[in-house]
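Asker: model this:
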Amino acid sequence: MRFKLSEAGKPVLLALLLAGGLCAAPAKAVLITSWEYEVGSGFFDYNPVQGPGNTYGVVGSDIGTLGLPTVLSWGLPSSVSGSNPLGLQSSLTVTDPIIGPPPALLTNQDLVDGATLTHNNFTIQQTGDALTDTSLATRLLLTPLLPPGATLPPLAAEFDILFRETANAGPCATGDVPCPDIFVLVNPENLVTSFVLDDFRYTVTLLLDGLDSLSGAACQAAGAGSECVGLVTAENQANSFQARFGITAVPLLIPEPGLIALLGALFLGLGIIRRRAG
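Answerer: Got it, this is the predicted structure:
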């Protein structure tokens, strides 16, 4: 028995064959599983800046890869016996990873080291000379390694910081004596950023050792209201906090290209049939 296709059915068959070919075409989106990375950091908008009205205010130094200071220093070291015997100045430093090929950043895998934040917390003579606030600029450059690709546009973020240089004697907002100094991160939402590449949404998450919710008293002492996240730093020592980051990926929820082509071809064939029937 021979099957004879009607004239009206030919466009539908052609449309189905075309759509079937498109459905068989492989998807082009490929998950990037390995990345090379470069981290850059620096401070800006720091206060109070050293000047005629504030001889021992904040000074920025050691310009980094972003063209910004990576060290902020302030205050006249205390001369009180025992409180700062080496006469060290207080400072805040950000140190990027060592230049050279870092370990690869793997998608949906372990975190890698980013910058290190260090507060050299030493006694100064006048707390009015101390840092009150600053912003930290960061830039992350990602280059796909597997599969290889061109370097992506920079992922940039800014972190606004409040700081309270505390008097060492109690009562202390944190309950510890001598009173630790207090850092508050004003915009913790900037610790997470996302971008879309080839039908995948990638999310970069930054974590900082020691960053946690502070007590209401500590938040208020730093001028941040009753709820905040931040760090506290012990007196008369260098306090270092390591930043780490990772990248995760999920596919975007979009229709398969082959399915779109199939539906389009079917509607096209049905439209032709209706026109001929009319």
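
Asker: what about the residue lying closest to Cys172 once chain neighbours are set aside, distance to Ser213?
Answerer: Excluding the flanking residues, the one nearest Cys172 by CB to CB, 6 or more residues apart in numbering is Cys179, at 3.6 Å. The way it works is simple: take the backbone N, C-alpha and C, and place the C-beta from them, glycine included. Distance, Cys179 to Ser213, using CB to CB, to the nearest Å: 19 Å.

Asker: And the pLDDT at the residue nearest in space to the middle of the chain?
Answerer: Residue closest to the average C-alpha location in the chain (CA atoms, centre = their mean): Leu191, at 4.3 Å. Leu191 is assigned a predicted lDDT (pLDDT) of 98.

Asker: Please look at Gln50 and Tyr56 and confirm they touch.
Answerer: Yes: assessed by CB atoms under 8 Å, Gln50 is found in contact with Tyr56 at 6.8 Å.

Asker: the more surrounded of those two?
Answerer: Tyr56 (19 against 16; other CB atoms under 10 Å).

Asker: any idea how far that one lies from Gly216?
Answerer: Distance, Tyr56 to Gly216, by CB to CB: 31 Å.

Asker: so who does the nearest residue to Gly60 once chain neighbours are set aside touch?
Answerer: Leaving aside its chain neighbours, Gly60 sits nearest to Pro69 (3.0 Å; criterion: CB to CB, 6+ apart). Listed by CB atoms under 8 Å, 6 or more residues apart in numbering, the contact set of Pro69 reads Gly42, Phe43, Phe44, Tyr46, Gly60, Ser61, Asp62, Ile63.

Asker: Please name the bridge partners of the last one.
Answerer: Read it as Ile63. Ile63 forms beta bridges with Pro69, as assigned by DSSP bridges.

Asker: Also the third one?
Answerer: When assigned by DSSP bridges, Phe44 has beta-bridge partners Ser135.

Asker: got any ranges where this protein has weak pLDDT?
Answerer: Residue ranges of the chain with pLDDT under 70: 1-28, 79-83, 99-101, 170, 254-278.

Asker: thinking again about what came up before, please enumerate the shared neighbours of Gln50 and Tyr56.
Answerer: Joint contacts of Gln50 and Tyr56 (CB under 8 Å, 6+ apart) are Trp74.
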